[in-house]
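Student: Please work out how this folds:
(4 chains)
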2 protein chains.
Amino acid sequence: MTETRQAEGTRARILETALDLFHKGSFKGTSINQVVEQAGITKGALFHYFKGKNELGYAVVEECIQAQIIETWVKPLATSVDPISDLIGILDHFEEMMQEQPEIVEYGCPLNNLAQEMSTQDEDFRLRLVSLYQQWETALEKALRAGKDAGTVKESIDSEAVASAIVALMEGSIGLIKVNRDRGHIRKIDSGARAFLELLRP
Amino acid sequence: MTETRQAEGTRARILETALDLFHKGSFKGTSINQVVEQAGITKGALFHYFKGKNELGYAVVEECIQAQIIETWVKPLATSVDPISDLIGILDHFEEMMQEQPEIVEYGCPLNNLAQEMSTQDEDFRLRLVSLYQQWETALEKALRAGKDAGTVKESIDSEAVASAIVALMEGSIGLIKVNRDRGHIRKIDSGARAFLELLRP
DNA sequence: CACAATAAACCGACCAGTTGGTATGTTATC
DNA sequence: GATAACATACCAACTGGTCGGTTTATTGTG
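Tutor: Numbers count the residues shown, from 1 in each chain, chains lettered A, B, ... in the order given. Modelled structure (predicted):
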């Protein structure tokens, strides 16, 4: 049972490995052979489950990255009535993560990395990636509306527009952190993002 | 004179072509052969001027992208006393450009593209890229301070932190526009960024 | 001013290694 | 015994990079 073949087990390991390599490297920058090697399987197994490299990438987006986005950005805001506090809570969570597993944070947001690399190169990639951003923005927009109703968010703002601005701010900040690896600069970026969020309070 | 050899002419054409291809594609995604072909030169010429692909990339950062950043983000804020209005002016300028030369805008910010792709892969790239971000942030910080003195910017904000948050917001917004090619969504992202900037007014 | 010497600019065939992908297996499971 | 789950050998195309050579411009010298 452990050494023999196991349908979903191998597939999952391929996806997990691909996510890791696409995240730490890039899509075009990692070869199928790397995935095969690091996953401890063979090319035959990979091509048995995925038609090609692109299909593997699509699966990583739809099955792995989507789950991450929902887990870290959608769920925590699902029932929020004070989205600004909750967003700042997420930032706190990132800071904790940075001390425990710095590598994961240092390589940036998997969604943004893939989006910036592939959205202009492959329309099938792009469509799947916008779908994730959509979900993120929708969750934010809903939370902002709820916040307005509860009096925790400025009435005057346009929830839809500000939602995408928050996504932009988050992705931009994570991207800057990835480039400026220096601890001091990271703190600066972090407090800048927090400052912007605080401005949304009434 | 036109058909014969011309030292700096070829070098400049190589750089120009490389910038274009790295921008529309990516660094790892474009081959030296592509650069050679599109520039209408030969491999010998390219390797005569640059030690290798990486060196070509460094030159693109230092000579082409730096100039762009200074031109569009540093200079316009150099003598600003109302940075928020000036930043919004830059956004207006982008909107004009989008109608004239949409391709240039659609492929995102060359600095951010390269930074997100290469900063975790090559330290020499990273150092050159942070230097550009530094210049951008410094210009913003200075303008924010001047704005505070002139009463056009909220006194309570931390100029240093907010400066990097603005860079994050800009890069994030440009990145989102690149992924969400749809006109309607672009408008939303644009007005979201503007809304955030407006919050910095006293 | 001629003219050889030197260096810079450029060419294109070639190289070893890698790429994504395939074809043909073998082995286990229902 | 059919089908899913792998393994392995292989392929053409392309990768970044090298290398010997040719062409042009510059410069020192008589």
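
Student: what's the helix or strand for A:G108?
Tutor: Assessed by DSSP states H and E, A:G108 sits outside every helix and strand.

Student: pretty sure it contacts A:S173?
Tutor: No - using CB atoms under 8 Å, A:G108 makes no contact with A:S173, being 10.4 Å away. C-betas here are computed from N, CA, C, even on glycine.

Student: Just want to know which of the two has more residues nearby.
Tutor: When neighbours are counted by other CB atoms under 10 Å in any protein chain shown, A:G108 and A:S173 differ, and A:S173 comes out ahead with 27 against 23.

Student: Run the contact check for stretch A:122-134 versus chain B.
Tutor: Yes - counting by CB under 8 Å from any CB of the partner chain, contacts between stretch A:122-134 and chain B involve A:R126, A:L129, A:V130, A:Y133.

Student: Pick the one among these closest to DNA strand D.
Tutor: Closest to DNA strand D out of these is A:R126 (21.8 Å), distances taken as CB to the nearest atom of the strand.

Student: Where does that closest one sit: helix, strand or coil?
Tutor: The three-state label given to A:R126 by DSSP: H, G, I helix; E, B strand; the rest coil is helix.

Student: so it touches A:S119, yeah?
Tutor: Yes - with contact defined as CB under 8 Å, A:R126 counts as touching A:S119 (4.2 Å).

Student: what residues are shared contacts of A:G108 and A:S173?
Tutor: Counting by CB atoms under 8 Å, 6 or more residues apart in numbering or on different chains, A:G108 and A:S173 have no shared contacts at all.

Student: who touches A:R194 in this structure?
Tutor: By CB under 8 Å, 6+ apart, the residues touching A:R194 are A:I88, A:L91.

Student: and the angle from the one helix or strand it maps to to helix B:183-198?
Tutor: Applying DSSP H and E as the criterion places A:R194 in helix A:183-198. Put simply, helix A:183-198 runs at 100 degrees to helix B:183-198, going by axes from the mean of the first three to the mean of the last three CA atoms, to 10 degrees.

Student: CA atoms only for helix A:183-198 - export them in CSV, please.
Tutor: This file holds the C-alpha atoms of helix A:183-198, laid out as CSV (Å, rounded to 0.1, in the frame of the first residue of the first chain):
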residue,chain,number,x,y,z
ARG,A,183,14.2,43.4,7.5
GLY,A,184,14.1,47.1,8.1
HIS,A,185,12.6,47.8,4.7
ILE,A,186,10.0,45.0,5.2
ARG,A,187,8.8,46.7,8.4
LYS,A,188,8.5,50.0,6.5
ILE,A,189,6.4,48.4,3.7
ASP,A,190,4.3,46.7,6.3
SER,A,191,3.5,49.8,8.2
GLY,A,192,2.8,51.7,5.0
ALA,A,193,0.1,49.2,4.0
ARG,A,194,-1.4,49.3,7.5
ALA,A,195,-1.4,53.1,7.4
PHE,A,196,-3.3,53.0,4.1
LEU,A,197,-5.9,50.6,5.6
GLU,A,198,-6.4,52.7,8.6
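
Student: list the buried ones in that helix?
Tutor: Using 16 or more other CB atoms under 10 Å in any protein chain shown as the test for burial, helix A:183-198 gives A:H185, A:I186, A:K188, A:I189, A:D190, A:S191, A:G192, A:A193, A:R194, A:A195, A:F196, A:L197.

Student: Looking at those residues, spot the one nearest DNA strand D.
Tutor: A:H185 (30.1 Å).

Student: Spit out the contact partners of that closest one.
Tutor: When contacts are counted by CB under 8 Å, 6+ apart, A:H185 is found next to B:S164.

Student: Which parts of chain A are strands?
Tutor: Taking DSSP state E, chain A contains no strands at all.

Student: near DNA strand C, which residues of it?
Tutor: A:4-5, A:30-34, A:43-44, A:47, A:52-54 (CB under 7 Å from any atom of the strand).

Student: Apply 6 Å and report the result again.
Tutor: A:T4, A:R5, A:S31, A:I32, A:N33, A:K43, A:G44, A:F47, A:G52, A:K53 (CB under 6 Å from any atom of the strand).

Student: Could I have the CA atoms of the helix-or-strand element of chain A with minimal mean pLDDT written out in CSV?
Tutor: Counting by mean pLDDT, DSSP states H and E, the weakest-scoring helix or strand in chain A turns out to be helix A:102-106, with a mean of 84. Taking Å, rounded to 0.1, in the frame of the first residue of the first chain, the C-alpha atoms of helix A:102-106 are listed here in CSV:
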residue,chain,number,x,y,z
PRO,A,102,10.4,32.8,6.1
GLU,A,103,10.9,31.0,2.7
ILE,A,104,7.2,30.8,2.0
VAL,A,105,6.8,34.5,2.4
GLU,A,106,10.1,35.5,0.8
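
Student: can you tell me the average pLDDT over the helix holding A:R194?
Tutor: Regarding helix A:183-198, the rounded mean pLDDT is 97.

Student: Quick one: neighbours of the residue in chain A that DNA strand D sits nearest to, just the number.
Tutor: The nearest approach of chain A to DNA strand D comes at A:G44, 1.9 Å away (CB to the nearest atom of the strand). For A:G44, the neighbour count with other CB under 10 Å is 8.
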